[in-house]
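> Just the structure for this:
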Amino acid sequence: MNKEIKSKIIEVCDAKIAAKGENVGLSFYAFFKNKNDNPKLLMEVAQWWILENKLDHFEKAVKIKEMVKSLN
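Just a heads-up that it's a prediction; the model follows:
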């Protein structure tokens, strides 16, 4: 994943955690607008989420944030 989407994921996770607490869950769709204006990036994140990490549809924001922070 590129630097911009990693930053966006961390930003969204931080906002969700701040608003709803440490147990808040989210899906990979949370990082994108309702209008699919970048399908290639959406598929890249979906592949990382579903195929590479075998994550459930909803995962804890804290977990996702830490996973993204650990990426090179």
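> So which residues of this structure form helices?
Counting by DSSP state H, the chain has helices at residues 3-20, 39-46, 61-69.
> Find the one among the ones you listed with the highest mean neighbour count.
Of the helices of the chain, the one with the most neighbours on average (mean count of other C-beta atoms under 10 Å) is helix 61-69, at a mean of 17. The C-beta positions use only the backbone N, C-alpha and C, and glycine is treated the same way.
> tell me the mean pLDDT for that one?
Helix 61-69 comes out with an average pLDDT of 97.
> One more: stretch 30-48?
Rounded mean pLDDT across stretch 30-48 is 91.
> Next: stretch 4-11.
Averaging pLDDT residue by residue across stretch 4-11 gives 96.
> start at 417 instead
Got it, the first residue is 417 from now on, which makes the last one we talked about stretch 420-427.
> one step back: make TSV out of the helices of the chain and add distance to Asn469.
Converted to TSV, the helices of the chain look like this (distance: least, C-beta to C-beta, whole Å):
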stretch	distance to Asn469
helix 419-436	13
helix 455-462	11
helix 477-485	7
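> what's the closest of those to Lys449?
For the helices of the chain, the distance to Lys449 is smallest for helix 455-462, at 10.1 Å, taking C-beta to C-beta.
> Alpha carbons of that closest one, as CSV, please.
Extracted in CSV, the C-alpha atoms of helix 455-462 (Å, rounded to 0.1, in the frame of the first residue of the first chain):
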residue,chain,number,x,y,z
PRO,A,455,-11.2,1.3,-7.8
LYS,A,456,-7.6,0.2,-8.2
LEU,A,457,-6.7,1.4,-4.7
LEU,A,458,-9.9,0.0,-3.2
MET,A,459,-9.0,-3.4,-4.7
GLU,A,460,-5.4,-3.1,-3.3
VAL,A,461,-6.7,-2.5,0.2
ALA,A,462,-9.4,-5.3,-0.2
